[in-house]
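**Q** Sequence first, predicted coordinates after that:
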Amino acid sequence: MQMLTRYIAVGSIRQQHAHRASFNGTNFAADMLSRASALRARRLHVERLEPQPELEGNLQSNEKLAVFKAGLFMDKVFPLQISSLDIRPYIMSRNAEAMKKKVAALIPTQLPHQFAVSNIEPHSRDGGSIVYFTYVAPETQEDAKRLGTELVSAVDMHLGAGGGGRNWFDLSPIRSLPVKGVPFSEDIVRMLPSKKIKIEFVGPDLTVEQIFQEFRQFGRILDIEMQPPSNKDTPRWAVVHFTKLRSATSARNCVHGDIIGATKLLLSYVRERHENFIVQWVKDHQKFMIPLAAAALIAAIYAVFDPIREFFVENKTTHRFDLSRIPLFGSVRKAAVRTMLHRGASTGANGSLDQDMSAWAGLYDQKERLVSILNEPPESFVVVTGPRGSGKTKVVEQASQGKQYRIVIDANKLASQPSELEQMSVLARQLGWWPVFNSIIGITNAIDLMVAATTGSKAGISATPESQVRRILECVALVLTKIRHKGLEALDADEKRMLKRHRDNNTSSDNKDSINNDSEFTPSAKNLPPKEIPVIVLENFMDKDLPFSKIILEWAATVVEAGLAHCIVTTSNISGYHEILRAQPQHAASLISLDDASPMGAVTLLQKQLASVLTASSSNSGEQAQLSNDKDNDAVDAAYQRRMDMILGDQLAAAAGVLGGRLEDLQLFVQKVKAGENINSALEDIIQRSITDIRKYAFANDSEVGQCEHTWSPEQFWYVLSELARNESVEYDRMRNSPIFAGSDNAILGLAEAQLITMVYDNDRPSRIRPGRPVFYSAFNRIVEDPGFSSTMGIKLNKKFIELETAKICKAEEELALLNVFKTSSESYNTLTSGLALIAASRDSFGDHHKAHKMLKDKGKSGSKSKDTNSADVVCPEAYIAQALRASNYGLAATVASGEAGGATALTAGGAHDGQPQISSQSQSWLGWLFGRTGSSTGRNGALSINSAAGASGSEARGVDAEQQPLVMTVIPGIPFELQGRVQFLLRTIHTSQQKIDKWDAESQAKTRRLSGL
């Protein structure tokens, strides 16, 4: 009772702030009623319970009393969960029983009206706990609510007086509030406490005044937002925004489910979106802030990552942290690798270049020349060309072996990547440029697009793979500049020490002249030692198309012109030499051409690398084993060994003659022989593999051959193959100007790029064409000797030729039709029309050529011929001769009248038959052009001709020796003199093309019969 008196006294002090009062047990209920006057607005939710056995005795004494149940919310007991990452509530709620005991300890033990705690429900996320209690009160609801509110107030005064203490997460005292509704206990993860409470009205809407009176008791309100009248959504709602989070949690736990009048209130948290003032200002000024943020991002990337990338590029170039440069570690690693690969002490197929160079001196000489170039200051590119397998890479490796700094860019690895972005990443790895942010390109492009969408113009910050490649190369150039500066500084320091030592040793007055002579120590005359000049190697460059080749060449040219490094370009495509010259037009590049080894050098190499294998095979042969039974016959053994060596030597010579001096093929041959194959089978396997590759790549119908564009047709390559099978090399100009190529070199360049042929250059231009590899000589011959394939491709090639010549005939006929020179002479017009129709009929029916001629001949014998001058019907040769005779005689008379022929002699064609009109040699010569006949009779009877005053081209008289009679021009009667040359040229073109067509048609028919007989 004394404790209750103390609690009520403290509460009275807090309420009145003026005087003290003391209470005793007799007037406790009256004091509670007076202290609860301030809480009358708080309606407590109570429930009447059934009488319990322990209370029946008291209830019998006073029948107007009953047992009621109510609840209070005890706030600030636990920490609030402010985010999903806040672990404080989980720490506090590990033990539910401990939480309940903590809450029960905060409730006073001596309270009136038989106060008893029935249940404790911790709400750790909301930072409090709901305590359900029972008490005895009059049966009326108003009296029960009044007494329950007084009990809650007594608990609150007890906590405010220090009964609850202070918590570490909140220094303010714990408070208790009456629960007016039915609390909703849930543990939804995303429903975290918020300062905003959404109120849903189940019934009529409440006014702002009613909402304020209901929720102001929990804390100060920042704003009340009502649902707009235009919004017809149901249920209707309102949002109360408190200034403190604890006020919102207390209101939700105490008012949820409360009924005001006819309206039930349902409360829930509204998820808040916290926006900073700065963030809001940035959103409102996007046109200004987006470019500024992009520029700041790029500046940060440059400022932070560029020094890191420069550091890694320098380490890649100088091998600063390469453990293999340590002598002990390097030798141990090399020995381990050699042991793992089982190389031993033998050279093998991949022996050093010094050992291979002993077989032929060409590579050694070129290596020495390259070494001498690298010992000089850099001035221009060094281009090392040669076919694949000619030793370009080994020559460069040996020549630059003593260099301290060496940078290698392998174009084959770049070309193997499918996209430009991946090619840029591979280039960065080869140069040591790290870190590489491929996503930065997409980010900058997206930013540029956003700026363009908001401002209408691009910001110019978009990045592309080309720009990234330029940045990588600029970083490498910067590293090379630092290396040069460090080297020059080291030379300056050495020279200063030498100069100081020189002056210290010559301090006497007699050596003043030598002291003043310091010209040899001037920095302007210094150059880095050859060992310290970096070397940039562009391997397999220009062999395949790269999107960055021009950028890399321009960068390399800049580096060479600045004297920072030597640049060596190795390529199998000699046409790339001109691209390199365009990259550095001021200086001529040093060209080092490598070729296949000589046959003698190839034999020497094979004998050297296969000596042990051949010796073992000869000693293990059956004949040697049979002869070795006679231990005393040393002479026989020696003779046999010499014979075996001679046979093996001849076999190796034959193999070297087929494989040539191509290192790639020789090494493959050596590997096969060492694997256990004999010489003949190994050689045959290489030839068959070459034939397979040729048929696969050259005669494929695909649009691409490996990495090379398929720019040639199978017929074009068959023409080249057949020519190279007959001759080891052919002239480039003759092949290029052949009808199948029509003066275009795209197909030839495509074949050279695919390594099917090799172009030999003379005076920086192609001069001859050879097979791509020496072994292709044998492969080409094998393909040509294949009867089925050779006949099939021959038919296709002839068909292609016929198509080309047919196009020429059509073009000539069109031009003759446009000239229209026969309109003045109806007979000449009819003659020419009939002749062209006959040629067209013979061209359109290649297979029935002889049948057509026989049909026309039979038609002429029957006496049928055309009478209409405008008709284009085909007439027989006899009728055509009769018509041409009259036109020829008319032309002859005109010629004789002019006095240029020297007489009016009419010549008759030898061989005129009975009833046939006679024909002059002039007209027969013209008919010979049209019909493909030889004018043999003209030679016997002479030719009627005139000299061309205008110098027009003429034709030889048929059957007359060229040494006895000069070239003359035959006159076609009825045609103007100025058009004689052009018309005769067109007629000769038709005649020549028709002869070629007949020839190819006959060849195709023969090949067809050959295929049918296989």
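**A** Alright, I've got the coordinates.
**Q** pLDDT below threshold where in the stretch 701-850 of the chain?
**A** 701-709, 764, 821-850 (pLDDT under 70).
**Q** how about the strands in it?
**A** 704-705, 708-709, 730-731, 757-762, 765-771 (DSSP state E, counting those that start in this stretch).
**Q** Distance to Phe133 and mean neighbour count for these - can I get that in TSV?
**A** Using the backbone N, CA and C atoms, a C-beta is placed for each residue, glycine as well. TSV is the format used below for those (distance: least, Cβ to Cβ, whole Å; neighbours: other Cβ atoms under 10 Å):
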stretch	distance to Phe133	mean neighbour count
strand 704-705	88	16
strand 708-709	91	16
strand 730-731	113	16
strand 757-762	104	18
strand 765-771	107	18
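**Q** Figure out which of those strands is closest to Glu47.
**A** Nearest to Glu47 among the strands of the stretch 701-850 of the chain is strand 704-705 (86.6 Å), distances taken as Cβ to Cβ.
**Q** where does the stretch 351-500 of the chain have low pLDDT?
**A** Ranges of the stretch 351-500 of the chain meeting pLDDT under 70: 351-362, 389, 458-461.
**Q** out of the strands of the stretch 701-850 of the chain, nearest to Arg497?
**A** Among those, strand 757-762 sits nearest to Arg497 (Cβ to Cβ), with 51.5 Å.
**Q** What is the closest one packed up against?
**A** helix 746-753, strand 765-771 (3 or more Cβ pairs under 8 Å, 6 or more residues apart in numbering; DSSP states H and E).
**Q** Parallel or antiparallel, list what pairs with that strand.
**A** Using DSSP bridges, the strands paired with strand 757-762 are strand 765-771 (antiparallel).
**Q** ok, then the element right after the worst-scoring helix or strand of the chain on mean pLDDT?
**A** Among the helical and strand segments of the chain, the one scoring lowest on mean pLDDT, DSSP states H and E is helix 936-941, with a mean of 34. Next along the chain after helix 936-941, taking DSSP states H and E as the criterion, comes helix 980-1012.
**Q** Packing partners of that following helix?
**A** Looks like helix 980-1012 contacts helix 787-819, helix 826-844, helix 921-931 (3+ Cβ pairs under 8 Å, 6+ apart).
**Q** what does stretch 749-758 contact?
**A** By Cβ atoms under 8 Å, 6 or more residues apart in numbering, the residues outside stretch 749-758 that reach it are 387-388, 543, 572-573, 575, 694, 697-698, 705-706, 708-712, 717, 720, 724, 748, 759, 769-773, 776.
**Q** distance between the ends of it?
**A** Using Cα to Cα, to the nearest Å, the gap from the first to the last residue of stretch 749-758 comes to 9 Å.
**Q** Same check on stretch 768-788?
**A** End-to-end for stretch 768-788, by Cα to Cα: 30 Å.
**Q** hmm, back to that, I'd like the strands of the stretch 701-850 of the chain written out as CSV, with distance to Ala675 added.
**A** Rendered in CSV, the data for the strands of the stretch 701-850 of the chain read as follows (distance: least, Cβ to Cβ, whole Å):
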stretch, distance to Ala675
strand 704-705, 30
strand 708-709, 31
strand 730-731, 37
strand 757-762, 29
strand 765-771, 27
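**Q** how about those strands, which one is nearest Thr806?
**A** Proximity to Thr806 (Cβ to Cβ) singles out strand 730-731 among the strands of the stretch 701-850 of the chain, at 26.3 Å.
**Q** what's that closest one in contact with?
**A** Val720, Glu723, Leu724, Ser767, Arg768, Ile769.
**Q** try 7 Å
**A** Glu723, Leu724, Arg768, Ile769 (Cβ atoms under 7 Å, 6 or more residues apart in numbering).
**Q** what lines up beside that strand in the sheet?
**A** Assessed with DSSP bridges, strand 730-731 is paired to strand 765-771 (antiparallel).
**Q** quick one: Leu478 from Ala303, how far?
**A** 15 Å (Cβ to Cβ, to the nearest Å).
**Q** next one: Ala105
**A** From Ala105 to Ala303 the distance is 60 Å (Cβ to Cβ).
**Q** what does Asp786 give?
**A** 68 Å.
**Q** quick one, which of those two is more surrounded?
**A** Asp786 (14 against 9; other Cβ atoms under 10 Å).
**Q** quick one on the thing from earlier: so for Leu668, which of the helices and strands packed on strand 757-762 sits nearest?
**A** Between Leu668 and the helices and strands packed on strand 757-762, the shortest gap by Cβ to Cβ is with strand 765-771, which sits at 16.9 Å.
**Q** Let me see the confidence value for Gly163.
**A** Gly163 is assigned 71 on the pLDDT scale.
**Q** How about the contacts made by it?
**A** Gly163 makes contact with Leu106, Pro108 under the criterion Cβ under 7 Å, 6+ apart.
**Q** Quickly list what the closest residue to Asp75 other than its chain neighbours is bridged to.
**A** In space, not counting the residues next to it along the chain, Asp75 is nearest to Gly128; the distance is 4.4 Å by Cβ to Cβ, 6 or more residues apart in numbering. For Gly128, the beta-bridge partners are His123 (DSSP bridges).
**Q** surely Gly128 meets Val77?
**A** Yes - between Gly128 and Val77 a contact is recorded at 5.2 Å, counting by Cβ atoms under 7 Å.
**Q** Please identify which of the two sits among more neighbours.
**A** Counted by other Cβ under 10 Å, Gly128 and Val77 do not tie: Gly128 has more neighbours, with 28 against 23.
**Q** Tell me how far that one lies from Arg782.
**A** Gly128 is 97 Å from Arg782, by Cβ to Cβ.
**Q** same check, this time on Lys550
**A** 42 Å.
**Q** Ok, Pro183 next?
**A** Distance from Pro183 to Arg782, by Cβ to Cβ: 97 Å.
**Q** neighbour count winner among these two?
**A** Shown here are Pro183 and Arg782; by other Cβ under 10 Å, Pro183 has more neighbours (22 against 16).
**Q** I'd guessed that one sits against Val131; true?
**A** No - if you go by Cβ under 7 Å, Pro183 and Val131 don't touch, sitting 11.3 Å apart.
**Q** distance of Gln404 from Lys531?
**A** Gln404 is 5 Å from Lys531, by Cβ to Cβ.
**Q** Compare these two (neighbour count), which wins?
**A** Using other Cβ under 10 Å, the more surrounded residue of Gln404 and Lys531 is Gln404, with 17 against 11.
**Q** so who does the more buried one touch?
**A** Residues in contact with Gln404, defined by Cβ under 7 Å, 6+ apart, are Lys531, Glu532.
**Q** Who are the contact partners of Leu721?
**A** Counted by Cβ under 7 Å, 6+ apart, Leu721 has contacts Phe780, Ile783.
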